[in-house]
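A.B. asks: need a 3D model of the sequence below.
(3 chains)
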Amino acid sequence: MLRNLRMEYLVREGTIKAVSGVTLPIEEGRITAIVGESGSGKTSLIETFLKLLPRNARIRGGEALLRLSNGEEVDLIKADESTMRKLRGRVVGYVPQGAQNSLNPVLTVEQHFVETLKNHGLWDSKSSVGEIRSALSLVRLDPDTVLKKYPFELSGGMKQRVVIALTMILKPELVILDEPTSALDVFSQRVLLNILDRISEQYRNTMILITHDIPIVAELANRVAVLYAGTVVEVGDTYEVFKEPLHPYTAMLIASIPSVADIYLKRVPRPVPGEPPSLLNPPLGCKFHPRCPYATELCRISEPPLEELRKGRLAKCWLYSRGGKA
Amino acid sequence: MRAKSGLYLFYLDVVRPVLKSGRGLFGLVVVVAMVFMATAGPSVIPLDIEIKPSMRWCLPSLEHPLGCDYLGRDLLSMVVHGSREVFLVPFIATLVGVVGGMSVGLLAGYIGGRARRALTAVTDIWLTIPSFPVIFILAYVLPKSPLTIALLLALFSWPGLARALAAEVSSLKSRDFIEVCINLRLGKLHVLFREIGPHLVPFVAYNFAALFVANMTSLIGIVLLGVAPLNPTNWGYLLNQMIFTYRGLLIPSGSIIIFILVSVFVVIKLGVVFFAQALEEVFNPRLRAYE
Amino acid sequence: MELRALFPFAKILGRRLAYALVTIMIASTVTFVAIRSMPGDVLYTLAVSLAEELRITIEEARKIVYYIYYGIDVEKPVYVQYFEYVLGLLRGNLGYSTYFKRPVTYVVARALGWTVFTLSIGISLSFAIGVLTGMVAGFKRGSKLDSTLSTSLTILSAIPGYAIALFLYIILSARLGLLPARGAYSPDVEPGLNLRFIVDVLYHATLPILTYVVITFSGWSLLIRSNVAKILEEDFLKYAEARGISRRRIITTYVGRNSILPLVPLLALRIGGMVGGSTLIESIFAYPGMGYYLSIAMGIRDYGLLQGIFFMMTVATIVGVIVVEMVTPFIDPRVRREVVTT
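C.D. replies: Purely as a prediction, here's the structure:
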């Protein structure tokens, strides 16, 4: 559960408000997707509550509540480094964007696994080998081919899968995947989606999927959250959001996806007009208002709150909240 | 945004980065001083040939900004007059070495394949020969003119650059935008000079400076060790006399003067290197530390 | 490593030896040419006195002199001379020293050990210290510590080697009398495997080794520092952290290994420079290694010794380079795979 997270980057020109008030409830045991354009702050969000931020980042507030398997609740934002280190990997797994660069060039795949297990004190000379092998088969990689190889000997797709296996071997309760499909061709994507599906079924863990590829969301995610300019604008059940998007941005996003059906219906997908706002000098009021066809005076001066409009459906728009047009 | 005039852009792109980094400024000052010293210097400051035994090893003062040497002569005048040789010889050596190295390197890197491997083999072999003893021996044996020394130094300057350059060109060649050019059939020469060339300029410039400095060190070293005495104002010769003949190290003021002379040399070395680094930042904005 | 992987290894070794051979050939050619073109004062004088002594012509005396000192027969055409010279080299005949009145091999055998001793310790220490300081500077990049450190290192690397050597000599030996500045061991100590000798040897070796280290470590340090800075921006560090890998391991295996590995081939290249550098340092400290005898030979115009030592130095450099190149595949997995696939 993320509540009102705020984070900034300090740069020469000023401060980039990368995460401005993100509130997002995450359902356990289900797959939640976070979608948004490039630069909407998706990766920054993850790095914020995993505390993996670069030196020039500052967390300005908010909470990131994580419920552990023993029922305890931890606020990741307030947690100290040693707690974070215990949680990272074991409880919270992260598959970063661009797995190609995530592996240490001087270690073999096997060495990566061994070191991960040893670091968490889970290494057992008898059983661990078997665990590694099953983790690799989970991602459809042949252990005998892959284990002794170095990262530069593997293809992009293989590296991607190794990273997933490496993350899953610790059996974390929460797994975050950042753009797992971006660099892959359609066929590899298909394989990956199947893998993720199986992982979800087998481990019944909570998954957060970050992507800008909407069809993936439709296929894999139970719930979806739409991120725009560093803030959440809509949350809900995937099917429902797609069928009936509440926030104008969501609607335009969905309308902009080319699909096979369009050819038959002779429909032309319309891209969302305009450009994402600069996070250095974000617009006042509702951040979407410069591009929103429904923008009103109110939208220009004041930012709407994120409200739960129906059971499990949240949206941030004056169209629905009190004070705006109905 | 209004378009900025060309001159202003030049300022932003070239002058400001150099000035902004402390090192760049330092380097610029040093290089300017060097040029001045070598060209106009000897005319401005007369060569002090008076032997004044009473002024031996005098410490820096207004009259003698760098102090005096072992014969009571003004050190500054010696330095200025010696600068011509100390700068010119390494400069020529480096120039020859760089031209040679560039030819080999460009050829090897660009053509690739067997030619490259053959040239790399030759370069490697050259690199393995220990340079110092060879220079030592040959400097001893060959006629002692500045040109010979320059050529000798050049002999060992070219392989380093050739090798690095071949690698650079090779990697650049396989970069995407070059492949595009090749596909567009823009002609090999065009690709070489208009596309790859500009990328290599900072690389070569920096190596030139580093090589220059190294050759200068070698030159002074050779003369210092008495292998090839050249012009008496050559700094190496001065040091040689100071240390070995007149035993300056045993006298406190002597040690100070020697220290001063060495410091002059170190300052120049640093200045040239910093200047080259600053130039590199001009050509390659990514390196600018402050942005 | 599997035995099958060893075979391409042998191929690389073979290729390297071929290179080595060619280099040696070139080196010997250079010396040969240099010798032939040198003013033959000493030998001429010797020939003259020999001629008088034995009542033979100067020409004949010269022949004898040349034959003894260089193994060259001046009668035969040049290329035959060269051939015989090379043959002599391969057989281990390095020439004859006029000064020491002994075969060069004798001199070299005694000197080689000292040079190798100081050089190997010097290189290892310099590398180790350079890596340590470089890593500290790299990690603390941008801090006060880093800027002071890197500035001082840059200045240090700008000071010419001979200046540093002389400086250390003045301070540590002449002025403070802390360390001896001549010889490999004191004349009154008995060489052998006794403790006193060993301590004395180390005592005498300290100044040359210290000089090496001070001259060269700044270079390594600055290189490591920039490598570390580059590596720290890499993504795989972030992922390692995300997996909960301990900081210590990240520093050693992730940053450490990746920053040091690119430097190893550089080490090979530098060995040539270091052998040359030994000439300088050994002369200044009168340390009886090969460099020392080289400069003595030059000073007294002992061309036989000169030629022999120079040749040995080239060989030593090549051997050093080959050793480093052979070891690299074991350390750097990327090179290892290249070796196997070539």
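A.B. asks: what sits against residue C:239?
C.D. replies: By Cβ atoms under 8 Å, 6 or more residues apart in numbering or on different chains, the contact set of residue C:239 is A:94, A:96, A:102-103, A:163. C-beta: built from backbone N, CA, C; applies to glycine.
A.B. asks: turn these into a markdown table, including neighbour count.
C.D. replies: Listed next are the contacts of residue C:239 as a markdown table, based on neighbours: other Cβ atoms under 10 Å in any protein chain shown:
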| residue | neighbour count |
| --- | --- |
| A:94 | 25 |
| A:96 | 24 |
| A:102 | 27 |
| A:103 | 23 |
| A:163 | 26 |
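A.B. asks: could those go into a markdown table alongside pLDDT?
C.D. replies: Below are these laid out as a markdown table (pLDDT from 0 to 100):
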| residue | pLDDT |
| --- | --- |
| A:94 | 87 |
| A:96 | 84 |
| A:102 | 84 |
| A:103 | 85 |
| A:163 | 88 |
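A.B. asks: closest residue of the stretch 101-250 of chain A to chain B?
C.D. replies: residue A:152 (15.8 Å; Cβ to the nearest Cβ).
A.B. asks: now do the helices in the stretch 151-300 of chain A.
C.D. replies: Here the stretch 151-300 of chain A has its helices, by DSSP state H, counting those that start in this stretch, at A:156-168, A:186-203, A:214-220, A:238-243, A:248-255, A:260-265, A:297-301.
A.B. asks: weakest of those helices by average pLDDT?
C.D. replies: The weakest mean pLDDT among the helices of the stretch 151-300 of chain A belongs to helix A:260-265, with a mean of 68.
A.B. asks: returning to what we had before: which of the contacts of residue C:239 lies closest to residue A:291?
C.D. replies: residue A:96 (29.7 Å; Cβ to Cβ).
A.B. asks: what does the model give the closest residue to chain B within the stretch 201-342 of chain C for pLDDT?
C.D. replies: Residue of the stretch 201-342 of chain C nearest chain B, by Cβ to the nearest Cβ: residue C:276 (2.7 Å). Per-residue confidence (pLDDT) for residue C:276: 74.
A.B. asks: in a helix, it, correct?
C.D. replies: Yes. Remark: residue C:276 belongs to a helix, assigned using DSSP: H, G, I helix; E, B strand; the rest coil.
A.B. asks: looking at it, it is touching residue B:221, isn't it?
C.D. replies: No. With contacts defined as Cβ atoms under 8 Å, residue C:276 does not count as touching residue B:221, sitting 10.7 Å away.
A.B. asks: ok, residue B:87 touching residue B:36?
C.D. replies: No. Counting by Cβ under 8 Å, residue B:87 stays clear of residue B:36, with 11.2 Å between them.
A.B. asks: neighbour count winner among those two?
C.D. replies: A direct count of neighbours by other Cβ atoms under 10 Å in any protein chain shown for residue B:87 and residue B:36 places residue B:87 higher, at 20 against 13.
A.B. asks: find the nearest non-adjacent residue to the more buried one, please.
C.D. replies: The spatial neighbour of residue B:87 that comes closest, neighbours along the chain excluded (Cβ to Cβ, 6 or more residues apart in numbering or on different chains), is residue B:38 at 4.9 Å.
A.B. asks: likewise for residue A:222?
C.D. replies: Nearest non-adjacent residue to residue A:222 (Cβ to Cβ, 6+ apart): residue A:30, at 4.2 Å.
A.B. asks: would you mind measuring from the one you found to chain B?
C.D. replies: 42 Å (Cβ to the nearest Cβ, to the nearest Å).
A.B. asks: any idea how far that residue is from residue A:75?
C.D. replies: Using Cβ to Cβ, to the nearest Å, we find residue A:30 at a distance of 22 Å from residue A:75.
A.B. asks: the residue in the stretch 1-150 of chain C that chain B sits nearest to sits in which helix or strand?
C.D. replies: Nearest residue of the stretch 1-150 of chain C to chain B: residue C:23, at 4.7 Å (Cβ to the nearest Cβ). Taking DSSP states H and E as the definition, residue C:23 sits inside helix C:3-37.
A.B. asks: over that helix, what's the mean pLDDT, rounded is fine.
C.D. replies: 67.
A.B. asks: if we can go back for a sec, if I read this right, the residue of the stretch 1-150 of chain C closest to chain B contacts residue C:316, doesn't it?
C.D. replies: No. Look at residue C:23 against residue C:316 with Cβ under 8 Å: they stay out of range, at 11.8 Å.
A.B. asks: can you tell me the residue of the stretch 101-250 of chain C closest to chain A?
C.D. replies: residue C:244 (3.3 Å).
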